[in-house]
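Chemist: heads up, no residue letters with this:
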C-alpha cells in the first residue's frame with residue numbers, strides 16, 4: 001500500500017523565519033568544498049599555490065552557476081518568458097551541467113592565464129574535483145525529486161537492491177521512476193577512481209582533463225536517454241536516427257524516457273560531441289607531438305605552503 005511507504009523527504013532542510021535553507025544548496029555547497037579540498041591537496045604536489053586555487057574557485061563557481069542557469073533558461077525560454085521571477089530560483093533545480101562547464105572553462109581559462117600558469121596543468125588537477133562534485137551534486141536532484149527517468153514498478157527498484165529511502169523518494173504522486181540520479185552518481189564515482197589512478201600513471205598533460213570529458217560524456221549519453229525532463233529541440237531526421245542507433249543497445253533492458261517536445265535531446269548531442277572531441281584531442285596531441293609535458297613534470301618534493 002502506498003500509504004505504508006515513507007513520505008518524500010522535505011527539500012527544505014531548515015527554516016529560519018522567512019529564510020529557507022534547501023538540501024539542494026547544502027549538497028551543492030558540500031560538493032564544492034570537498035572538490036576544493038581535493039584540488040588544493042593535489043595542487044601542492046604539482047606546484048600550484050593554494051591561494052591561487054581558492055581564488056580560482058571563487059571566480060569559477062559563480063560563472064558555473066550563471067552558465068548552468070542561463071543554459072537551462074534559454075532552452076526553456078517558452079516557460080520562463082512568462083515566469084521571469086523564477087529565473088533566479090536555482091534552489092528549485094534547473095541547472096544544466098553542460099552550461100556550467102562552459103561558464104567555468106571560459107572564466108577558468110581567463111583566470112589561469114592571468115596567473116601565467118599552464119591551463120591544462122591546472123585543468124588536470126581540478127578534473128577529479130569536478131567529477132567528485134558531480135557525484136555528490138546528483139543527490140541534490142534526488143532530494144528535489146527531479147532529473148529522474150521514466151516510469152518503473154516498485155518491484156524493479158527492489159530488484160536493484162536499493163535502500164528503502166531511495167525507493168520511496170522515487171515515488172512521485174503515486175508513480176515510481178528510474179533513479180537516473182543514482183546511475184549517474186555511480187558512473188561519476190567510477191570516473192573519479194579512474195582519474196585518480198591516472199595520476200599514478202603519469203599521462204601527458206591535459207589527458208586527465210580530456211579523459212574526464214570522455215568518461216562523463218559516455219555515461220551521460222546513455223543515462224540521458226532514460227530521462228523524461230531532457231532539454232530538447234527539433235532537429236533533422238538523420239541526426240535523430242544516429243542518436244537513436246547509438247542508444248539502441250540500452251533498449252535490450254530499458255525503455256527510453258518520453259520527450260515532451262522535439263526529437264533531439266540536447267545533452268545527448270553535446271555529450272556525443274564532447275566525447276569524440278576529447279578522444280580526438282588526446283590522439284591528435286600525441287600524433288603531432290604537442291603533448292610533451294607529463295602530468296607529474298616539475299613536481300616539487302615538498303608541498304608549497306599557501
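Modeler: Everything's here; your move. No experiment lies behind these values; they were computed from the predicted model shown.
Chemist: In which helix or strand does residue 245 reside?
Modeler: Secondary structure assignment for residue 245, by DSSP states H and E: helix 237-247.
Chemist: Please apply the same query to residue 167.
Modeler: helix 164-169.
Chemist: Packing partners of that helix?
Modeler: Under the contact criterion of 3 or more Cβ pairs under 8 Å, 6 or more residues apart in numbering; DSSP states H and E, helix 164-169 touches helix 119-144, helix 154-159. Yep, even glycine has a C-beta here, placed from its N, CA and C like the rest.
Chemist: Pick the most buried one from those.
Modeler: Each of the helices and strands packed on helix 164-169 was scored by mean neighbour count; the highest is helix 119-144, a mean of 23, by mean count of other Cβ atoms under 10 Å.
Chemist: Run the chain-centre distance for that helix.
Modeler: How far helix 119-144 lies from its chain's middle: 6 Å, per Cα atoms, centre = their mean, to the nearest Å.
Chemist: ok, then the element right after that helix?
Modeler: strand 151-152.
Chemist: Rounded mean pLDDT for that next one, please.
Modeler: When pLDDT is averaged over strand 151-152, the result is 94.
Chemist: closest one to residue 213 among the helices and strands packed on helix 164-169?
Modeler: Evaluated over the helices and strands packed on helix 164-169, closeness to residue 213 peaks at helix 119-144, with 8.6 Å, by Cβ to Cβ.
Chemist: Let me see the mean pLDDT of the helix holding residue 167.
Modeler: On average, the pLDDT along helix 164-169 is 94.
Chemist: about what we covered before: same list, the helices and strands packed on helix 164-169, but as a markdown table with distance to residue 242 please.
Modeler: Output for the helices and strands packed on helix 164-169, formatted as a markdown table (distance: least, Cβ to Cβ, whole Å):
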| stretch | distance to residue 242 |
| --- | --- |
| helix 119-144 | 26 |
| helix 154-159 | 29 |
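Chemist: Out of the ones you listed, which is closest to residue 216?
Modeler: Among the helices and strands packed on helix 164-169, helix 119-144 comes nearest to residue 216, with 6.3 Å by Cβ to Cβ.
Chemist: so what secondary structure elements neighbour the closest one?
Modeler: When contacts are defined as 3+ Cβ pairs under 8 Å, 6+ apart, helix 119-144 sits against helix 23-46, helix 50-75, helix 97-114, helix 164-169, helix 180-201, helix 207-224.
Chemist: where in the stretch 1-150 of the chain is pLDDT low?
Modeler: In the predicted model of the stretch 1-150 of the chain, residues 1-7, 93 satisfy pLDDT under 70.
Chemist: Can you verify my assumption that residue 230 contacts residue 266?
Modeler: Yes - using Cβ atoms under 8 Å, residue 230 is in contact with residue 266, at 7.0 Å.
Chemist: list the buried ones in stretch 241-251?
Modeler: Within stretch 241-251, the residues that count as buried by 16 or more other Cβ atoms under 10 Å are 243, 247.
Chemist: Could you point out which residue ranges in the stretch 201-306 of the chain have low pLDDT?
Modeler: Counting by pLDDT under 70, the ranges of the stretch 201-306 of the chain that qualify are 298-306.
Chemist: The same query, at a cut-off of 50, please.
Modeler: Applying pLDDT under 50 to the stretch 201-306 of the chain flags the ranges 300-306.
Chemist: returning to that earlier point: and the helices and strands packed on helix 164-169: which comes nearest residue 234?
Modeler: For residue 234, the closest of the helices and strands packed on helix 164-169 is helix 119-144, at 26.0 Å, according to Cβ to Cβ.
Chemist: can you pull the buried residues of the helix holding residue 167?
Modeler: Neighbour-count burial for helix 164-169 [16+ other Cβ under 10 Å]: 167, 168, 169.
Chemist: Could you report the neighbour count for the residue nearest to residue 207 when sequence neighbours are not counted?
Modeler: Leaving aside its sequence neighbours, residue 207 sits nearest to residue 282 (Cβ to Cβ, 6 or more residues apart in numbering; 5.6 Å). When neighbours are defined as other Cβ atoms under 10 Å, residue 282 has 19 of them.
Chemist: Which residues are in contact with residue 282?
Modeler: 204, 206, 207, 210, 211, 214, 291 (Cβ atoms under 8 Å, 6 or more residues apart in numbering).
Chemist: Name the residue closest to the centre of the protein, please.
Modeler: In the chain, the residue lying closest to the centroid (Cα atoms, centre = their mean) is residue 134, at 4.3 Å.
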